[in-house]
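Visitor: Fold the stuff below for me.
(one chain, ligands or ions: 1)
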Amino acid sequence: MLRGHLHPTRSSVEAIEVPNALWRSPKPFLSGSSICLRLSRHSRPAPTQCRLSASRLSVVTRASFSTATTNPFHDELIATAKYISQRGRGILASDESNVTTGKRLATVGVDNTETNRRDWREVLYTAPGLGQYISGCIMFEETLYQSTADGVPFVKFLKDAGIVPGIKVDTGLQVLPGTDGETTTQGLDNLPARVQEYYKQGARFAKWRAVIKIGTPGTPSSMAVLENVHGLARYAQICQEGGLVPIVEPEVTLGPGDYSIEENAYWSEHVYSHVMRLLNEYNVLLEGILLKPNMCLPGLDVPTPPPAEVAKYTVRTMLRSIPAAVPGIHFLSGGMSEEESTLNLQALQDECPNAPWSLTFSYGRALQSTTLKTWAGQPENKQKAQDILVKLAKANSDAQLGQYKGPHPVPGGQRILQALRTGGAGKA
Ligand code: 13P
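Guide: I've put the predicted structure just below:
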């Protein structure tokens, strides 16, 4: 039993927040001027009885009804999220900003022009048979309004292939003052209006990436965690109001250092638990979101762990923090090599064959890296590049189904690290 004083004006109490933990009690009750609850969750430490002073308790109240049930897009959101997270399919993340796309094109000697960016996306989106393995595609704003060289809007092309068009709606990262390079994600200000426009243009889901840095003393700071989970919750709420399924992406990012996989798992669980709590506070419909987290990995100075170890920690983290109401957990590749991304995805199914959510992928680098090198801006390489993209998508589709046997289309590759992505502040 946990006991503390209740502010007299607070009468509708749903939960009590205890510092450093997230304990919810289904039935907190009043006893004189005290509020009482039974701890419902085992935690570290796991006291069954304790007493806290009122100053260490904060009472959480909720609106008396859920806005989700009054949202005209309620059923559509659920249907869209269910479609994208169906078994055997995943997301192609191709929402790199123009700056990041330019960096990647430069690696194969292609200039960063609007036409070249369009040509590159056309290689990806028009790959024959892609829709068998890919159910959703995240685009950057410029691409959402572009068409193939033959004049077919990308949105139409994707829909005809059974791929739901999505849009990255955050506008990049900003360093938080006074931190060791920790960031927040920008883009809330005009988001409701943009969501309406994107919906009109045919997008049906959205993405917002929040980055949590670990591995250096003092990170993640509680300020960075609070700031980022708040942003994700507001973003998700706004998207659902406008009919877009929000991909909620709290990325505990793979970075330098010798921190252990256990440490990554600890912080991932901490962050995802906060994310889910805030989504709950903001009345976000859980059946109408998709989660896009990292797999649990140690710092880059630690040898790459075997897939079974990654799966053990990753599944444990998800089971502890993500409600079964969320239909799909679409992992990012986050710097893993192409083969590593597939093997780890397969290992997740081995670890948790009856998972309540679809454990699947939303890969950017792990689908695009070799595809880009193969294309290299040369029209005569287009078919070969598309062939490798579809083989990579199929390998990950097989892994999602727990049926991946190999050999991998890009065996034994290296990690695909941040050099090819806009790091720190700026547009991701
Ligand atoms: P990676 O798979 O390259 O990590 O990209 C996925 C993504 O969209 C990250 O925001």
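Visitor: what residue ranges in the chain score low on pLDDT?
Guide: Applying pLDDT under 70 to the chain picks out residues 1-69, 418-428.
Visitor: Name the residues of it found near the ligand, please.
Guide: By CB under 6 Å from any ligand atom, the residues of the chain that approach the ligand are A93, R209, E249, L332, S333, G334, Y363, G364, R365, A366. Using the backbone N, CA and C atoms, a C-beta is placed for each residue, glycine as well.
Visitor: Could you tell me how far the residue lying closest to the last one once chain neighbours are set aside is located from T80?
Guide: Okay, so that is A366. Take A366 and drop its neighbours on the chain: the residue closest to it by CB to CB, 6 or more residues apart in numbering is S333, 3.5 Å away. As judged by CB to CB, to the nearest Å, S333 and T80 stand 23 Å apart.
Visitor: Pick out whichever of the two has more residues nearby.
Guide: Taking other CB atoms under 10 Å, S333 and T80 do not tie; S333 has more neighbours (28 against 22).
Visitor: Neighbours of D350, how many?
Guide: Other residues close to D350 by other CB under 10 Å number 13.
Visitor: same question, M295
Guide: 31.
Visitor: Spit out the contact partners of the closest residue in space to it that isn't next to it in sequence.
Guide: Distances taken as CB to CB, 6+ apart put T314 closest to M295, at 4.8 Å, once the chain neighbours are dropped. Under the criterion of CB atoms under 8 Å, 6 or more residues apart in numbering, the contact list for T314 reads A265, M295, C296, F331, N344, L348, E351.
Visitor: now what about stretch 261-280, what contacts it?
Guide: 22, 212, 214-215, 220, 225-226, 228-230, 232-233, 236, 248, 250, 252, 286, 289, 291, 293-294, 296-299, 302, 305, 309-310, 313-314, 316-318, 320-323.
Visitor: The residue nearest to M295: what secondary structure?
Guide: helix (DSSP: H, G, I helix; E, B strand; the rest coil).
Visitor: any idea how far it is from the ligand?
Guide: Per CB to the nearest ligand atom, to the nearest Å, T314 is found 15 Å from the ligand.
Visitor: Against D189, how distant is that residue?
Guide: Per CB to CB, T314 is found 34 Å from D189.
Visitor: try K156
Guide: According to CB to CB, K156 and D189 sit 30 Å apart.
Visitor: what about those two, which has more around it?
Guide: Using other CB under 10 Å as the criterion, K156 and D189 rank with K156 on top: 13 against 9.
Visitor: Ignoring the adjacent residues along the chain, who's closest to the most centrally placed residue in the chain?
Guide: Nearest residue to the geometric centre of the chain (CA atoms, centre = their mean): K292, 2.0 Å. Counting by CB to CB, 6+ apart, K292 lies nearest to E249, which is 4.0 Å off, once chain neighbours are set aside.
Visitor: can you dump the C-alpha coordinates of stretch 325-338 into PDB?
Guide: Presented in PDB, the C-alpha positions along stretch 325-338 are these (Å, rounded to 0.1, in the frame of the first residue of the first chain):
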ATOM      1  CA  ALA A 325      -3.400  -3.000 -28.300                       C
ATOM      2  CA  VAL A 326      -0.600  -1.600 -30.400                       C
ATOM      3  CA  PRO A 327      -0.900  -3.600 -33.700                       C
ATOM      4  CA  GLY A 328       2.700  -3.300 -35.000                       C
ATOM      5  CA  ILE A 329       6.200  -2.800 -33.800                       C
ATOM      6  CA  HIS A 330       8.200  -1.800 -36.900                       C
ATOM      7  CA  PHE A 331      11.900  -1.700 -35.900                       C
ATOM      8  CA  LEU A 332      14.300   0.700 -37.500                       C
ATOM      9  CA  SER A 333      17.500  -0.700 -38.800                       C
ATOM     10  CA  GLY A 334      19.400   2.100 -37.000                       C
ATOM     11  CA  GLY A 335      22.800   1.300 -38.400                       C
ATOM     12  CA  MET A 336      22.700  -2.500 -38.400                       C
ATOM     13  CA  SER A 337      24.100  -4.100 -41.500                       C
ATOM     14  CA  GLU A 338      21.600  -5.400 -44.100                       C
END
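Visitor: What residues does the residue lying closest to G202 once chain neighbours are set aside make contact with?
Guide: Take G202 and drop its neighbours on the chain: the residue closest to it by CB to CB, 6+ apart is V155, 3.8 Å away. If you count contacts by CB under 8 Å, 6+ apart, V155 has them with L144, P165, Q201, G202, A203.
Visitor: Going by neighbour count, which residues in the helix or strand where V155 lies are buried?
Guide: Counting by DSSP states H and E, the secondary-structure element that holds V155 is helix 154-160. By 16 or more other CB atoms under 10 Å, the buried positions in helix 154-160 come out as F154, V155, F157, L158.
Visitor: One more: stretch 182-201?
Guide: In terms of neighbour count (16+ other CB under 10 Å), stretch 182-201 has its buried residues at E182, T183, T184, T185, Q186, G187, L188, L191, R194, V195, Y198, Y199.
Visitor: and whichever residue of the chain sits closest to the ligand, backbone torsions?
Guide: Nearest residue of the chain to the ligand (CB to the nearest ligand atom) works out as G364 at 2.8 Å. When read as degrees, to the nearest 10, the backbone of G364 gives phi -100, psi -80.
Visitor: Surely it and G335 touch.
Guide: No. If you go by CB atoms under 8 Å, G364 and G335 don't touch, sitting 10.2 Å apart.
Visitor: now stretch 319-339: how far from the chain's centre is it?
Guide: On the basis of CA atoms, centre = their mean, to the nearest Å, the separation between the geometric centre of stretch 319-339 and that of its chain is 7 Å.
Visitor: Confirm that R118 lies within a helix, as I assumed.
Guide: Yes. According to three-state DSSP, R118 belongs to a helix.
Visitor: list the contacts for the nearest residue to it once chain neighbours are set aside?
Guide: Nearest non-adjacent residue to R118, counting by CB to CB, 6+ apart: Q146, 5.0 Å away. Residues counted as contacts of Q146 (CB under 8 Å, 6+ apart) are R118, R121, P153, F154.
Visitor: Neighbour-wise, give me the winner out of those.
Guide: Ranking the contacts of Q146 using other CB under 10 Å puts F154 first, with 23 neighbours.
Visitor: Touching, it and E141? I think so.
Guide: No. F154 is beyond contact range of E141, at 12.0 Å (criterion: CB under 8 Å).
Visitor: Spell out, range by range, the helices that occur in the chain.
Guide: 74-84, 98-106, 114-125, 141-144, 154-160, 191-201, 222-241, 261-281, 307-321, 338-351, 365-375, 382-400 (DSSP state H).
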